[in-house]
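K.L.:
Quick one: sequence plus predicted model below, questions after.
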Amino acid sequence: MHLGKLCKYAKDCSVYKNENNNIKKPIFLVRNVFCNRGPKGWNNCKRFLLYEKGEDVPDNMTPQG
Ligand code: SF4
């Protein structure tokens, strides 16, 4: 486990929780590319950037938008 690299929004995020039907790839891949990768991954995630701005993040939005 690399807790320091887990996105701080993971517990609220439909993608991380695997509750987002627009994610077509295996969830472990998505988590490894974005959520568990530290700032490098998070900053590529459009959901993360919205969370950081304090804006509403639609449940069906993917890391790509
Ligand atoms: S990196 Fe993106 S998809 Fe992953 S938990 Fe954070 S906001 Fe959700």
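P.N.:
Alright, I've got the coordinates. The structure displayed is predicted, hence computed values, not measured ones. Numbering: from 1, shown residues only.

K.L.:
Please count neighbours and contacts with C-alpha atoms only from this point.
P.N.:
Noted.

K.L.:
max-length helix in the chain?
P.N.:
What stands out as the longest helix in the chain, according to DSSP state H, is helix 46-53.

K.L.:
Tell me if that helix is near the ligand.
P.N.:
Yes - counting by CA under 6 Å from any ligand atom, the ligand has neighbours in helix 46-53: 47, 48.

K.L.:
how far out from the middle of the chain is that helix?
P.N.:
How far helix 46-53 lies from its chain's middle: 9 Å, per CA atoms, centre = their mean, to the nearest Å.

K.L.:
Next: stretch 21-31.
P.N.:
10 Å.

K.L.:
Report the mean per-residue pLDDT for that stretch.
P.N.:
In this model, stretch 21-31 has a mean pLDDT of 97.

K.L.:
Between the two ends of it, how far is it?
P.N.:
Stretch 21-31 has an end-to-end distance of 15 Å (CA to CA, to the nearest Å).

K.L.:
what residues does it touch?
P.N.:
With contacts defined as CA atoms under 8 Å, 6 or more residues apart in numbering, stretch 21-31 is touched by 15, 16, 18, 37, 60, 61, 62.

K.L.:
quick one: which of these has the most company?
P.N.:
In terms of neighbours by other CA atoms under 10 Å, the contacts of stretch 21-31 top out with residue 15 at 23 neighbours.

K.L.:
Widest-spaced pair of the contacts of stretch 21-31?
P.N.:
The largest separation in these, counting by CA to CA, is between 37 and 60 at 21.7 Å.

K.L.:
residues touching residue 6, list them.
P.N.:
35, 36, 37, 38.

K.L.:
ok so, going back, among the contacts of stretch 21-31, which ones lie close to the ligand?
P.N.:
15, 16.

K.L.:
quick one: residue 33 and residue 41 touch, right?
P.N.:
Yes - using CA atoms under 8 Å as the test, residue 33 is close enough to residue 41 to be in contact (5.9 Å).

K.L.:
Not counting its neighbours along the chain, what's nearest the residue nearest the centre of the chain?
P.N.:
With the centre of the chain defined as its mean C-alpha position, the nearest residue by CA atoms, centre = their mean is residue 35, 5.0 Å away. Distances taken as CA to CA, 6 or more residues apart in numbering place residue 7 nearest to residue 35, at 5.1 Å, with adjacent residues excluded.
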